[in-house]
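Peer 1: return atomic coordinates for the entry below.
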Amino acid sequence: MRNLILSCLCHLLAAAALAAPPTDLTWAATPGDPRVGTYTSSPWGFNTNSHWIAGPQGTVLVDVQFLPSAATQAVGAAEQATGNKVTDAVVLHVNPDKFNGTPALQARGIRVWTSAEVAAEIPAVHKLRSSWFAERYAPDYPTTEPKPTPFAGAADSVRLAGLDLRIHRFGLACSKAHVVVQFERHLFVGDLVSPGNHAWMELGAIDAWVQVLEKLLALDPLYIHPGRGPTAGKDALSAQIDYLRTVQNLVRAAKPRKTDDEAAIAKVHKQILACYPTHDFEVFLNLGLPEVWNAEVGRSNKR
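Peer 2: Alright, predicted model coming up:
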């Protein structure tokens, strides 16, 4: 089944590639705070966001894109918007659309940071994802393993480009390790929140994910800057919790008893689409729903 899902993913990407490439940098400032803005890649790069924060000594980029070419465009957009060079970047979690641009930025002299926990997971994920994507995207795919620099120790704050940023570290959720960057009342959350899109549930870890989102709610943010989808308010955290619980509850209502039950999973899949008919990236649901199902089977068998 996984091979079929990966085949569907490749077909989606091939269709996206037929679209005309963007001729202008696609970026926008955050309404109400022009110090912060967002570059969004083309569909060929999964409509991935990179955000920036303008500081007194440079600009910080948050997440460094799936494709090196898009990483370079994100830097250009940030520098065009802020009038300052990008001096530093932060990788939020262990997905290639968050870390693949690292070597391209480092080659420009930009310091790329992450937590030690995220850095430790990158080699295995990079190896696996390269087997999926490297040939299809060549030469626009990193040929060397991305190696962002870990923050010193277990620091919960850093100073980059003259900005004081809080660093929140989390474990299992949509990836095995996460960083959330807080700048004043802005939270940069990566794929923990994905407004208007199906969630990347590859690990099936719904309960752990919801716990992280509840901790972020307690921070009382004003802005949520996601890895995919538009910048939103605090309600985006609650909406993401509702989405994840809806998926989990529909799976539980189906009373799963065996793993990879394709017919039963397909039925739940239709129910989720009915609940979220306008959500994009159904392919992420195709990949993640079986893992949520299998996790629930394991939970049921332990009782």
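
Peer 1: ok, the residue nearest to the spatial centre of the chain to D220 distance?
Peer 2: The centroid of the chain falls nearest to D191 when counting by Cα atoms, centre = their mean (3.1 Å). Distance of D191 to D220, computed by Cβ to Cβ, to the nearest Å: 22 Å. Where C-beta positions appear, they are placed from N, C-alpha and C, glycine not excepted.

Peer 1: low-scoring stretches of the stretch 1-150 of the chain, by residue?
Peer 2: For the stretch 1-150 of the chain, applying pLDDT under 70 flags the ranges 1-25.

Peer 1: can you show me the helices along it?
Peer 2: 2-17, 68-82, 96-99, 102-107, 116-137 (DSSP state H, counting those that start in this stretch).

Peer 1: chain center to the longest one, what's the gap?
Peer 2: Using Cα atoms, centre = their mean, to the nearest Å, the mean C-alpha position of helix 116-137 is found 14 Å from that of the whole chain.

Peer 1: who are the packing partners of that helix?
Peer 2: Secondary-structure packing of helix 116-137 (3 or more Cβ pairs under 8 Å, 6 or more residues apart in numbering; DSSP states H and E): helix 2-17, helix 96-99, strand 149-150.

Peer 1: please list the residues outside that helix that contact it.
Peer 2: With Cβ atoms under 8 Å, 6 or more residues apart in numbering as the test, helix 116-137 has contacts from 6, 9-10, 13, 67, 91-96, 99, 141-143, 145-151, 169, 171, 175-179.

Peer 1: then V193 would be within a strand, right?
Peer 2: No - per DSSP: H, G, I helix; E, B strand; the rest coil, V193 lies outside any strand segment and is coil.

Peer 1: isn't it right next to L237, touching?
Peer 2: Yes - contact criterion Cβ atoms under 8 Å: V193 and L237 qualify, at 6.3 Å.

Peer 1: what subset of the contacts of helix 116-137 is buried?
Peer 2: Neighbour counting over those (16 or more other Cβ atoms under 10 Å) leaves 6, 9, 13, 67, 91-96, 99, 141-142, 146-148, 151, 169, 175-179 as the buried ones.

Peer 1: for stretch 107-126, list every residue counted as buried.
Peer 2: Those would be 110-115, 117-119, 121-122, 125-126, for stretch 107-126 by 16+ other Cβ under 10 Å.

Peer 1: one step back: tell me which of the helices of the stretch 1-150 of the chain is the most buried.
Peer 2: Neighbour counts (mean count of other Cβ atoms under 10 Å) averaged over each of the helices of the stretch 1-150 of the chain peak at helix 96-99, with a mean of 28.

Peer 1: helices and strands around it, which ones?
Peer 2: Contacting helix 96-99 under the criterion 3+ Cβ pairs under 8 Å, 6+ apart are the following elements: helix 116-137.

Peer 1: number of residues surrounding V283?
Peer 2: Number of residues near V283 (other Cβ atoms under 10 Å) recorded here: 18.

Peer 1: hmm, I was thinking of N197
Peer 2: Applying other Cβ under 10 Å, we find 23 residues neighbouring N197.

Peer 1: ok, it touching P230?
Peer 2: No - checked against Cβ under 8 Å, the pair N197 and P230 is beyond contact range at 10.2 Å.

Peer 1: re earlier: OK, contacts around the residue nearest to the centre of the chain?
Peer 2: Residues counted as contacts of D191 (Cβ under 8 Å, 6+ apart) are H93, N95, K98, C174, S175, A199, W200, P226, G227, R228.

Peer 1: dump those into CSV; add distance to W293 as well.
Peer 2: Compiled in CSV, the contacts of D191 are given as follows (distance: Cβ to Cβ, whole Å):
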residue, distance to W293
H93, 23
N95, 21
K98, 26
C174, 17
S175, 20
A199, 14
W200, 16
P226, 25
G227, 24
R228, 23
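
Peer 1: so which of the residues you listed comes closest to F284?
Peer 2: W200 (5.2 Å; Cβ to Cβ).

Peer 1: that closest one against A173, yeah?
Peer 2: No - using Cβ under 8 Å, W200 is not in contact with A173; the gap is 10.0 Å.
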